[in-house]
Every structure is written in structure tokens, then in C-alpha cells.
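Q: Fold the following for me, if possible:
(chains A and B)
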Amino acid sequence: NAGVTQTPKFQVLKTGQSMTLQCAQDMNHEYMSWYRQDPGMGLRLIHYSVGAGITDQGEVPNGYNVSRSTTEDFPLRLLSAAPSQTSVYFCASSYHQRNTDTQYFGPGTRLTVL
Amino acid sequence: AQSVTQLDSQVPVFEEAPVELRCNYSSSVSVYLFWYVQYPNQGLQLLLKYLSGSTLVKGINGFEAEFNKSQTSFHLRKPSVHISDTAEYFCAVSEAQGGSEKLVFGKGTKLTVNP
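A: Prediction:
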């Protein structure tokens, strides 16, 4: 099992550019989510999905879109990047959205928006 | 809604010394509690979790945590730390039945173990 994989590891964008952060898991997990990590802020939930075709907003969804066409993949799209979106992005998955489940995290994508 | 407070943003200790990382939570319903660790340039991984039963929970790498309902705390402890324990540690809470199912993280505590 590769677990949760994320690409790219690093990315630099200019303000206004768009891009997609990729996330994939091979554990047949139903629940997937995206977090951003900023210094002194911990992890904040951006969007999540409880299964293919179902997505919902988290704590900080503005400026981001997601889709879940397959169980394995959960891409995060930045439509028009802003400097405030400079952050480290983590994708996570778990078997279900049960509040007892362990979250499995990817290695992260470090994004800089100039 | 639930919330988590990690009382120390940075904790420096010497190798082989004991360490306690403090975590307090707030919730109007019963909770489940987690500690995750993030080693440099890596994603988070689960150290331990409290779901029910014994209030003393043992995790990986010699860490343990104690759930104290009256003090709404879930402090993480290790009797003797190693250089390799240098990492950032996150406390997280989710609410039990009737509450939000989302996992809420604290802001993290950076543990630095010095030789």
C-alpha cells in the first residue's frame, strides 16, 4: 500500500494563476479531506468528502473547489491563487467519517503564491 | 462546537528527561481525543487515541496520555525522550453521539529534544 499520496511536493504560483493539487489513496477509504497548515494555526479543514460524488465545505472553503469522481482521488483546485493561500496542504483519509476513525495523512504540498 | 487548546507552543527539553505536553478541550457533549505527531517535512501520524474505557492510553514510541474528564484535559507524557522525538505534536478532539463528527485540531506544540 502506498497509503495517501500527494503531488506536487512543492509549487510556486503567481497571483491569479490556477492549479490542482492531487491526492490519491489506495486503502479504499470512504472519507477524504483537505487541510491547510499555517504557522501557529494548526490544521484547518478546507473541504471533505464522505464518498464518491459527495463533497462538503469545511472551516475555510473560500477560494478552493473539490470533486470526488472516484473513491481513490480527491483533487483540490485553486481557481485564482492569492498570497493568502500560501500554506502547506495536507490530504487525509479514513475508512468512514466516524468520529472514532484514525486519519491517514499524505506528505503534504508546500504552496507559495507570489 | 468543540475546541482544543494546547497550552505550550514550544517545549525544549534535554535528552532522557521526562516531558508533558498539555492539551485542554471544550465540548458540551462527550468527546473522543487524539494525539498526532508530525516529524519534520512529513504528514501527521496517529500517536494514540482515547475512545472509552481506561483513562490512561498508551501509544507508539513510549508515549501515553491520560484523559481527565473533570479537568477537560488530555495531556501527553513520555518518561524519557530521545532526540528522535523532536517533532510537532497536535491534540485533536471529535464529539461523540449528537455532536459534530468533524475532527478539530489544536495549534500544535513543537517539542525540541536537545543533546
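Q: Mind pulling the model confidence for A:P39?
A: We have a pLDDT of 86 for A:P39.
Q: what's the distance between it and chain B?
A: Note on A:P39: its distance to chain B, by C-beta to the nearest C-beta, to the nearest Å, is 9 Å. From N, CA and C alone the C-beta is placed, and that goes for glycine too.
Q: Please give the number of neighbouring residues around that residue.
A: 10 (other C-beta atoms under 10 Å in any protein chain shown).
Q: which residues does the nearest residue to A:T102 once chain neighbours are set aside bridge with?
A: Ranked by C-beta to C-beta, 6 or more residues apart in numbering or on different chains and with sequence neighbours excluded, the top spatial neighbour of A:T102 is B:L46, at 4.8 Å. Legend: beta-bridge partners of B:L46 under DSSP bridges are B:Y36.
Q: What about B:L46, how many residues nearby?
A: Neighbours around B:L46, by other C-beta under 10 Å: 16.
Q: can you list the residues of chain B near chain A?
A: B:9, B:32, B:34, B:36, B:41-46, B:49, B:51, B:90, B:94-96, B:99, B:101-103, B:105-108 (C-beta under 8 Å from any C-beta of the partner chain).
Q: same thing but 6 Å
A: Applying C-beta under 6 Å from any C-beta of the partner chain, one finds that chain B approaches chain A through B:32, B:43-44, B:46, B:51, B:94, B:101, B:105-108.
Q: Pretty sure the residue nearest to A:T102 sits against A:D101.
A: No. B:L46 lies out of contact with A:D101 (C-beta atoms under 6 Å); the separation is 10.0 Å.
Q: Who does the longest strand along chain A pair with, and is each partner parallel or antiparallel?
A: Looking across chain A with DSSP state E, the single longest strand is strand A:42-51. Here strand A:42-51 has these sheet partners by DSSP bridges: strand A:31-38 (antiparallel), strand A:54-57 (antiparallel).
Q: Alpha carbons of the shortest one, in PDB - could you do that?
A: Once non-C-alpha atoms are left out, strand A:54-57 reads as follows in PDB (Å, rounded to 0.1, in the frame of the first residue of the first chain):
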ATOM      1  CA  ILE A  54     -20.300  13.700  -2.300                       C
ATOM      2  CA  THR A  55     -18.400  16.800  -1.100                       C
ATOM      3  CA  ASP A  56     -18.900  19.400   1.500                       C
ATOM      4  CA  GLN A  57     -17.300  22.500   2.900                       C
END
